[in-house]
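[1] please find the sequence and the predicted model below.
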Amino acid sequence: MKSKIHSAHSSRKYLQRRQFLKFAGGSAAAIAIISACKKDDDNNNPGDGSIPLGSDDIGILNYAYALEQLEAAFYTQVVASLYTGISTTEQAYLTDIRDHEIAHREFFKNALGDKAIPALEVDFSAINFGSRDSVLGTAKAFEDLGVSAYNGAGQLIKSPDYLLLAGKIVSVEARHAATIRDLISNGTFADNTVIDTNGLDKSMSPPQVLSVAKNYLKSKIDASRLPTN
């Protein structure tokens, strides 16, 4: 176990924030396509105070942006108020994950431009940030949810550029999920709760994902216009 942690620690900087932003900057073509996408009715207010994600690929990108906002806010709070008894290794892992999630959030925000949904209000009242079990248990839930969300949304994306970006981000989310799971219980990084009988990560549709995510959000999200096939 110690050798495994040492090996993981030595390679934990596999994707620092600066490196990810460099990747994002290299995706200028994708950003240009997003910026050029003009759908005047995408941000229509549904009238009940909820935040509309929009439709088509813009809607899916806003959906991903909403999830990245949630994860970034969570890990920012985790690092700002470290739980009792946290090890140096755990602090390093969680700090790296925080930086990755912030980079993901900012990438979607900048790419979407004026089509981006506003900043969401979170509700972490059910999380005890002073408890290792509470923090890592929530992190596991968020990471597993994020991977399954990207897997479920991939089939709904029309643009090959967007699909490529989603694939790059979900691979990072899967690394996070594996790390958190092994911090909780060594060897559980790919157990049958997340991998199906075909050896594939499980997926969830946007409505399924948002039904879980809403428990940690004060903001109400309207996903009614997202594509379903």
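    Noted; the coordinates are in hand. Source: prediction; values computed, not measured.
[2] quick one: contacts for residue 49?
    residue 220 (Cβ atoms under 8 Å, 6 or more residues apart in numbering). No exception for glycine: its C-beta is placed from N, CA and C like everyone else's.
[3] from residue 72, how far out is it?
    The gap separating residue 49 from residue 72 is 23 Å, by Cβ to Cβ, to the nearest Å.
[4] likewise for residue 161?
    Counting by Cβ to Cβ, the gap from residue 161 to residue 72 is 23 Å.
[5] more neighbours: which of these two?
    When residue 161 and residue 72 are compared for neighbours, residue 72 comes out ahead with 21 against 16, by other Cβ atoms under 10 Å.
[6] and after the helix or strand where the more buried one lies, which helix or strand comes next?
    Using DSSP states H and E, residue 72 sits in helix 56-80. On the C-terminal side of helix 56-80, the closest following helix or strand by DSSP H and E is helix 88-112.
[7] and that following helix, how far out from the chain's middle?
    Between the centre of helix 88-112 and the centre of its host chain there is 9 Å, according to Cα atoms, centre = their mean, to the nearest Å.
[8] so for residue 156, what's the nearest residue that isn't a sequence neighbour?
    residue 227 (4.7 Å; Cβ to Cβ, 6 or more residues apart in numbering).
[9] ok, the one you found - how many residues close by?
    Here the number of neighbours of residue 227 (other Cβ under 10 Å) works out to 15.
[10] how far away is it from residue 146?
    Look at residue 227 and residue 146: by Cβ to Cβ, they are 20 Å apart.
[11] what's the answer for residue 191, then?
    Distance, residue 191 to residue 146, using Cβ to Cβ: 17 Å.
[12] for residue 166, see how far away the residue positioned nearest the centre of the chain is.
    Closest to where the C-alpha atoms of the chain average out (Cα atoms, centre = their mean) is residue 68, at 4.0 Å. Counting by Cβ to Cβ, the gap from residue 68 to residue 166 is 11 Å.
[13] check contacts around the residue nearest to residue 85 when sequence neighbours are not counted.
    Among residues not flanking residue 85 along the chain, residue 132 sits closest, at 6.3 Å (Cβ to Cβ, 6+ apart). In this structure, residue 132 makes contact with 83, 84, 85, 86, judged by Cβ under 8 Å, 6+ apart.
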